[in-house]
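Visitor: show me how the following folds:
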Amino acid sequence: TYTGTTEPTGTVIFAGTLTSTTLCTITVSTAGTVPACTYAFPNAATHTITAAYSGDTNFPKTTSTVLSQTVNQSPTTITVVSSSSNPSVNQAVTFTATVAPATYAGSTFPTGTVTFTYSVNGASAVNLSCTVSQPVSVSTLGTVTTAACTAPLPSQGSYTITAAYSGDKNFLQGSGQALQTVAGTATTTSLIAAPSPSTVNQPVLFTATITSTVKGSTNPTGTVAFTYSLNGGASVNLCAAAALASATGISTCTASLPTAATSSAPYTITARYSGDANFVTSSSSVTQTVNPAPLTIVVTSSLSPSSVNQAVTFAATLTLANSGAAQPTSTVSFKDTLTGATLCANASLTLNANNAYMASCSPPVTNQWTAATHPITATYNGDLNFPATTSAVFPQIVTAGPTTATLASDLPISVATQSVTFTA
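Guide: Prediction:
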């Protein structure tokens, strides 16, 4: 009320009555003025502030009227970083969102949660499949508040990763984004053949298994090309585009190989995975030995039993274990094992209307064709793909031929003591 040379001394206490917090304790200056109280409120609210003077011997205690101070929620800045600059499909990536006050840092740190989503190639947003439940709670270590989500990305492409902070009573909601490129995942191909070795024309099951180097919810799709080459020659298709079963990663091709190939110069069988939008191509090769194919020969006769000097035709029927591209190209020899005589040396094979290979032999009648049981065999003389093979014996029964007797006289009427010649 009165001014003079005596100035107030003592202290002024600034207090927040909402939280019963002392904001500042200020010593009154020698000039009787009170320096300002600077204070950062730790939480958003409407705070009531008072200034209480302590008084001294000359001036009484006094308290100011209440001042209302509105403290709003602080805006936030969300930054997102990835643990990998160029992951592949199905590879787990850790995305870390850092939640920080956008304007003023202090002793109060954000609480709440962060929801992580992705969109790929401009598509709608999808929640990341984090290893922890979404939304992810934030935590503060020192002065840094973060939330992390570890999840695989299911396809190749350009991703936008978004971290949306929920906000709390002191900090506003916010979001941040990061771009993430995901490359195709490498694959491995394994190939097996059954049976191995095989024989000419025999169906062989080739099985290719395509495996992603990174396991996950996305599996390889596409096709597998099965080819063969022999002696460094050009590749030949066995199955040009065999479907790949995505659930199992298996593709199969059943095919036969057309010629024999020894273990020293086998076929090379290759399975090549086509790749798809998410997985990279791969291939694998195995060698396949192909042995000559067994066959059977059966001999039949046009007439058995037959008689001495009677003409007979023998037929040999060849049956292959498996039909296919390879055909027998050699000849058939017929033999009478009783006399050791070769009846026909190189009888040609023909394919009849029943798809059977036939060779026939009509041997000449000779003095060796005697009354007896003649064991007849037929031998296929062999080629690259079919081995020399001899039939079981066919018993050709040859019986004595029928005869007639005729008697003649050179002198039908003669006299006693006259010589007569009889001819039979």
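Visitor: how about stretch 259-279: buried residues?
Guide: Neighbour-count burial for stretch 259-279, counted by 16 or more other C-beta atoms under 10 Å, picks out 260-261, 266-276, 278-279. For glycine as for every other residue, the C-beta is placed from the backbone atoms N, C-alpha and C.
Visitor: now compare these and name the two farthest from each other.
Guide: Distances among these were taken as C-beta to C-beta; the most separated pair is Ala260 and Asn278, at 41.9 Å.
Visitor: for Asn355, grab the count of nearby residues.
Guide: Other residues within reach of Asn355 by the criterion other C-beta atoms under 10 Å amount to 8.
Visitor: could you check how far the nearest residue to it once chain neighbours are set aside is from Thr117?
Guide: The shortest distance from Asn355 to any residue that is not its chain neighbour, by C-beta to C-beta, 6 or more residues apart in numbering, is 7.3 Å, and that residue is Ser323. Here the criterion is C-beta to C-beta, to the nearest Å. By it, Ser323 lies 60 Å from Thr117.
Visitor: show me where pLDDT drops low in the stretch 251-400 of the chain?
Guide: 367 (pLDDT under 70).
Visitor: hmm, I was thinking of the stretch 1-150 of the chain
Guide: Per-residue confidence for the stretch 1-150 of the chain (pLDDT under 70) gives these ranges: 1-2, 32.
Visitor: and the strands in it?
Guide: Taking DSSP state E, counting those that start in this stretch as the criterion, the stretch 1-150 of the chain contains strands spanning 11-16, 21-27, 45-53, 62-63, 67-71, 76-82, 92-101, 113-120, 126-127, 136-137, 139-141, 144-152.
Visitor: only the buried residues of the last one, if you could.
Guide: Put plainly, it is strand 144-152. Taking 16+ other C-beta under 10 Å as the basis for neighbour counts, the residues of strand 144-152 that come out buried are Thr145, Thr146, Ala147, Ala148, Cys149, Thr150, Ala151, Pro152.
Visitor: what's the first helix or strand after that strand?
Guide: Counting by DSSP states H and E, the element after strand 144-152 in chain order, helix or strand, is strand 157-165.
Visitor: in the helix or strand just after that following strand, which residues are buried?
Guide: The first helix or strand that comes after strand 157-165 along the chain, using DSSP H and E, is strand 174-182. By 16+ other C-beta under 10 Å, the buried positions in strand 174-182 come out as Gly174, Gly176, Ala178, Gln180, Val182.
Visitor: one more: stretch 155-165?
Guide: Applying a neighbour-count criterion of 16+ other C-beta under 10 Å, the buried positions in stretch 155-165 are Ser155, Gln156, Gly157, Tyr159, Thr160, Ile161, Thr162, Ala163, Ala164, Tyr165.
Visitor: can you pick out the most distant pair from those residues?
Guide: Maximum pairwise distance in the buried residues of stretch 155-165, criterion C-beta to C-beta, is 29.1 Å, between Gln156 and Tyr165.
Visitor: and the strands in the stretch 301-424 of the chain?
Guide: Counting by DSSP E, counting those that start in this stretch, the strands of the stretch 301-424 of the chain are 306-307, 314-320, 332-336, 341-347, 350-351, 357-361, 372-380, 389-390, 394-399, 408-409, 422-423.
Visitor: for the third one, name the packing helices and strands.
Guide: Strand 332-336 makes packing contacts with strand 314-320, strand 341-347, strand 357-361, strand 372-380 when contacts are defined by 3 or more C-beta pairs under 8 Å, 6 or more residues apart in numbering; DSSP states H and E.
Visitor: name the strands paired with that strand and say parallel or antiparallel.
Guide: Pairing partners of strand 332-336, with direction, according to DSSP bridges: strand 341-347 (antiparallel), strand 372-380 (antiparallel).
Visitor: and the angle from the last one to strand 314-320?
Guide: I take that to be strand 372-380. Computed by axes from the mean of the first three to the mean of the last three C-alpha atoms, to 10 degrees, the angle separating strand 372-380 from strand 314-320 equals 40 degrees.
Visitor: hmm, who's touching strand 372-380?
Guide: With C-beta atoms under 8 Å, 6 or more residues apart in numbering as the contact definition, strand 372-380 has outside contacts at 295, 297, 299, 301, 314, 316, 318, 328, 330-339, 343, 359, 361, 386, 388-398.
Visitor: show me which of the residues you listed are buried.
Guide: With burial judged by 16+ other C-beta under 10 Å, the buried subset of these is 295, 297, 299, 301, 314, 316, 318, 328, 330-336, 338, 343, 359, 361, 386, 389, 391, 394, 396, 398.
Visitor: let's have the strands of the stretch 1-150 of the chain in CSV, adding distance to Ala193.
Guide: Supplementary listing: the strands of the stretch 1-150 of the chain in CSV, determined by distance: least, C-beta to C-beta, whole Å:
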stretch, distance to Ala193
strand 11-16, 83
strand 21-27, 82
strand 45-53, 77
strand 62-63, 97
strand 67-71, 77
strand 76-82, 44
strand 92-101, 36
strand 113-120, 40
strand 126-127, 43
strand 136-137, 50
strand 139-141, 56
strand 144-152, 34
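Visitor: any idea which of these gets closest to Ser306?
Guide: Between Ser306 and the strands of the stretch 1-150 of the chain, the tightest spacing by C-beta to C-beta is seen for strand 144-152, at 83.3 Å.
Visitor: report all helices and strands that the closest one contacts.
Guide: In terms of contacts (3+ C-beta pairs under 8 Å, 6+ apart), strand 144-152 is packed against strand 92-101, strand 113-120, strand 136-137, strand 139-141.
Visitor: reformat those strands as TSV; add mean neighbour count.
Guide: Formatted as TSV, the helices and strands packed on strand 144-152 follow (neighbours: other C-beta atoms under 10 Å):
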stretch	mean neighbour count
strand 92-101	20
strand 113-120	20
strand 136-137	16
strand 139-141	11
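Visitor: need those in JSON lines (columns: distance to Leu18).
Guide: Conversion of those to JSON lines gives the following (distance: least, C-beta to C-beta, whole Å):
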{"stretch": "strand 92-101", "distance to Leu18": "21"}
{"stretch": "strand 113-120", "distance to Leu18": "27"}
{"stretch": "strand 136-137", "distance to Leu18": "28"}
{"stretch": "strand 139-141", "distance to Leu18": "24"}
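Visitor: for Thr5, find the nearest of those.
Guide: Across the helices and strands packed on strand 144-152, Thr5 has its closest neighbour in strand 92-101 (48.1 Å, C-beta to C-beta).
Visitor: okay, angle between that closest one and strand 144-152 too, please.
Guide: Per the same axes, to 10 degrees, the angle that strand 92-101 makes with strand 144-152 is 160 degrees.
Visitor: just checking, what packs against strand 92-101?
Guide: Contact analysis of strand 92-101 by 3+ C-beta pairs under 8 Å, 6+ apart lists strand 76-82, strand 113-120, strand 144-152, strand 157-165, strand 174-182 as its packing neighbours.
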